[in-house]
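Novice: have a look; sequence and predicted model below, questions after that.
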Amino acid sequence: MKKLPLPCALFLDRDGTIIEDRHYLADPDGVELLPGAGAALGRLCAAGCRLFVVTNQSGIGRGYFGENEFLACQHRLDELLRPFGAAIADFRHCPHTPSEHCKCRKPGTDMWESLRAAHGLNTAQCVMVGDKTEDLLFGVNAGFAASCLVLTGKGEDKARELGWTLEKGKEVAEYTSSSASLPGIRAGMSVGVPGETRLFLVRDLEALAGLLEASSF
């Protein structure tokens, strides 16, 4: 199996991937790391990975909370990760609602383009992980080396929609795309060039850390 390079740039969805999904989270007191997430990200930072958060925050566009509340939650996330030796190198968020049809809302790639310009990133060293189909497609559309769906947050439901499963006792499974759309993804979603981005289903961020560290990857 072709190995992904370490160190890498790891792009992470936030809600349901790193922290509990509170549904339009606006209170930093509600920020809670998912089990094992802090330790897993600390391991990857120690291996030289840079962490970047890319998150859709339509609650801002819907008027449920403002930019200051969002930034307060980001600050709290930084505080919770610090004891594990993990740090978010940078982040981008999309404040728009789906009806605005912006280019920054995942699976659109404007957040990637902004971070690439700011940090000189190379797609061959980038990996995306999230709990939604839109996260998978973000990595595909950006042309990353890999895009991963975690089973935390909404991930179990999304994996079921895709027909993706983990074998008993396994923490990781690899899937392939051989056509212009990934199996099970609804019509109208933008998809990049199939086959260029490796697709994985992983149990959680601990399993992802093991995948990236494995010599067989």
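Specialist: Now that the structure is in, tell me what you want to look at. Residues are numbered from 1 along each chain as shown.

Novice: just after the helix or strand of the chain with the lowest mean pLDDT, pick out the following helix or strand.
Specialist: Ranking every helix and strand in the chain by mean pLDDT, DSSP states H and E puts strand 172-175 at the bottom, with a mean of 92. Next helix or strand after strand 172-175 toward the C-terminus (DSSP states H and E): strand 198-202.

Novice: restrict that next one to CA atoms and write it as CSV.
Specialist: Presented in CSV, the C-alpha positions along strand 198-202 are these (Å, rounded to 0.1, in the frame of the first residue of the first chain):
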residue,chain,number,x,y,z
ARG,A,198,-7.9,7.9,-1.3
LEU,A,199,-11.0,7.5,0.7
PHE,A,200,-11.2,6.0,4.2
LEU,A,201,-13.7,5.1,6.8
VAL,A,202,-12.1,5.4,10.3
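
Novice: heading C-terminal from it, find the next helix or strand.
Specialist: helix 205-213.

Novice: which parts of that following helix are buried?
Specialist: Buried positions in helix 205-213, judged by neighbour count with 16 or more other CB atoms under 10 Å: 205-212. In short, each C-beta sits where N, CA and C put it, glycine included.

Novice: can you check stretch 15-27 too?
Specialist: Neighbour count says stretch 15-27 has 15-21, 25-26 buried, by 16+ other CB under 10 Å.

Novice: filter these down to just the ones in strands.
Specialist: Applying DSSP state E to the buried residues of stretch 15-27, no entry is found in strands.

Novice: with pLDDT and distance to F65 as extra columns, can I get these in JSON lines?
Specialist: Converted to JSON lines, those look like this (pLDDT from 0 to 100; distance: CB to CB, whole Å):
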{"residue": "D15", "pLDDT": "98", "distance to F65": "13"}
{"residue": "G16", "pLDDT": "98", "distance to F65": "17"}
{"residue": "T17", "pLDDT": "98", "distance to F65": "20"}
{"residue": "I18", "pLDDT": "98", "distance to F65": "19"}
{"residue": "I19", "pLDDT": "98", "distance to F65": "16"}
{"residue": "E20", "pLDDT": "98", "distance to F65": "17"}
{"residue": "D21", "pLDDT": "97", "distance to F65": "15"}
{"residue": "L25", "pLDDT": "96", "distance to F65": "8"}
{"residue": "A26", "pLDDT": "96", "distance to F65": "4"}
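
Novice: that'll do, ta.
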